[in-house]
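Undergrad: Can you look at this prediction? I've put the sequence above it.
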Amino acid sequence: MRNKQVLLTGGTGGLGLGVTPAVLAQGADVTVTYRNSQEVERLKGIISPADFARLHFVYTNLETEASVEDLVNRMGRVDVLIHLVGGFSMGKTHEYSFDDWKHEFDINLNTTFLTCKYSLKSMLAHGYGRIVTVSSKAAVEPAGQLAAYSAAKAGVIALTKAIADETKGTNITANVVLPTVIDTPANRQAMGTENADEWVKPQSLAQLICFLASEAAKDIRGAAIPIYGNV
Ligand SMILES: NC(=O)c1ccc[n+]([C@@H]2O[C@H](COP(=O)([O-])OP(=O)(O)OC[C@H]3O[C@@H](n4cnc5c(N)ncnc54)[C@H](OP(=O)(O)O)[C@@H]3O)[C@@H](O)[C@H]2O)c1
């Protein structure tokens, strides 16, 4: 990814703590979107100062089309989109509010659509692109209380595969990864550390994501790759 312009959404989140340093280590120029400045400081604490010049932070709400369009225009060119943004909530269907249902789709599926849409315009204009999106095991093995999350993440797989089909015959690819539980600070806080050894490490996911985002992965398109650790 040397000298590639990478749009990395959610790069300050729990998974981002593994992915952002890994993408920088590939020599890329990285634009990370954020909403919470405390998360920016947490990430900066683990980035090598030598990489700071290639790392840019842009405050963006990715649920707003105009903001995403502006972000991509400001970058000038997007070679690689790594879209980590997502969110999780659960509840029994008969008790789950419609507002929460719509929020799950906004945060997981609609942000993916908007970032893909505007990144693709740039990629198609210059004939190169790598798109990596994040779904979940819950998309292909839905469980009780996860209807909204599972449905939204299933949408992410469908969207990514459709883009892969639309971009056949070009040097643009789109692939999606399906993690189970990731070993993030938030999950450790919510679930304790007893089973943390079984969870997928952000660094491990980062290796997979970096490969899919690289020039070398030019023949992989429309793959939905499970990465379940020992869960
Ligand atoms: N953690 C897991 O166990 C797990 C398992 C399977 C799949 N996944 C998926 O993996 C991805 C990363 O998860 P994670 O654990 O790193 O989540 P996270 O720590 O919550 O990070 C997500 C990031 O996205 C940002 N974000 C949310 N909504 C946004 C919006 N509308 N505009 C801009 N930024 C927004 C969040 O910012 P704020 O802090 O401001 O909200 C946060 O920085 C997600 O797609 C998630 O669904 C996670």
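TA: Thanks, I have it.
Undergrad: Please name the residues that touch E69.
TA: Contacts for E69 were tallied using C-beta atoms under 8 Å, 6 or more residues apart in numbering; they are Y118. C-betas here are computed from N, CA, C, even on glycine.
Undergrad: Please disregard the earlier target; I meant A213.
TA: By C-beta under 8 Å, 6+ apart, the contact list for A213 reads 1, 6, 23, 80, 82, 130, 132.
Undergrad: Could you check how many residues crowd around the fourth one?
TA: Using other C-beta atoms under 10 Å as the criterion, V80 is surrounded by 27 other residues.
Undergrad: And the one 10 residues further on, by the same measure?
TA: M90 has 16 neighbours, counted by other C-beta under 10 Å.
Undergrad: re earlier: of the contacts of A213, which belong to helices?
TA: V23 (DSSP state H).
Undergrad: Considering only the contacts of A213, which also neighbour the ligand?
TA: When the contacts of A213 are checked against the ligand using C-beta under 6 Å from any ligand atom, none falls in range.
Undergrad: quick one: average pLDDT of the strand ranked longest in the chain?
TA: Across the chain, the longest stretch assigned as strand under DSSP state E is strand 172-179. The average pLDDT within strand 172-179 is 98.
Undergrad: partner strands of it, parallel or antiparallel?
TA: Applying DSSP bridges to the sheet, strand 172-179 is found paired with strand 129-134 (parallel), strand 224-227 (parallel).
Undergrad: does the residue lying farthest from the centre of the chain sit in a helix, a strand or a coil?
TA: Residue distances from the centre of the chain (C-alpha atoms, centre = their mean) peak at H94, which lies 29.9 Å from the mean C-alpha position. Secondary structure, DSSP: H, G, I helix; E, B strand; the rest coil: H94 is helix.
Undergrad: This structure against the ligand: which residues are in contact?
TA: 10, 12-16, 33, 35-36, 39, 60-63, 84-88, 107, 111, 134, 136, 179, 181-182, 184, 186-187.
Undergrad: How confident is the prediction for V231, by pLDDT?
TA: At V231, the model reports a pLDDT of 89.
Undergrad: and the longest strand of the chain, how far from the chain's centre?
TA: Averaging C-alpha positions (C-alpha atoms, centre = their mean, to the nearest Å) puts strand 172-179 9 Å from its chain's average.
Undergrad: Repeat that for stretch 66-73.
TA: When C-alpha coordinates are averaged (C-alpha atoms, centre = their mean), stretch 66-73 and its chain have centres 17 Å apart.
Undergrad: list the buried ones in that stretch?
TA: For stretch 66-73, the neighbour count (16 or more other C-beta atoms under 10 Å) marks 67-68, 71-72 as buried.
Undergrad: Out of the residues you listed, which comes closest to the ligand?
TA: S67 (8.2 Å; C-beta to the nearest ligand atom).
Undergrad: The closest one: which element?
TA: Per DSSP states H and E, S67 falls inside helix 65-75.
Undergrad: just T33 next, same as before
TA: Secondary structure from DSSP H and E places T33 in strand 29-34.
Undergrad: Report the rounded mean pLDDT for that strand.
TA: Per-residue pLDDT over strand 29-34 has a mean of 98.
Undergrad: In contact with the residue nearest the centre of the chain, which residues are there?
TA: In the chain, the residue lying closest to the centroid (C-alpha atoms, centre = their mean) is L84, at 1.9 Å. Counting by C-beta under 8 Å, 6+ apart, L84 makes contact with 8-11, 13, 15-16, 19, 134.
Undergrad: Same check on N110?
TA: For N110, the contact set (C-beta under 8 Å, 6+ apart) comprises E63.
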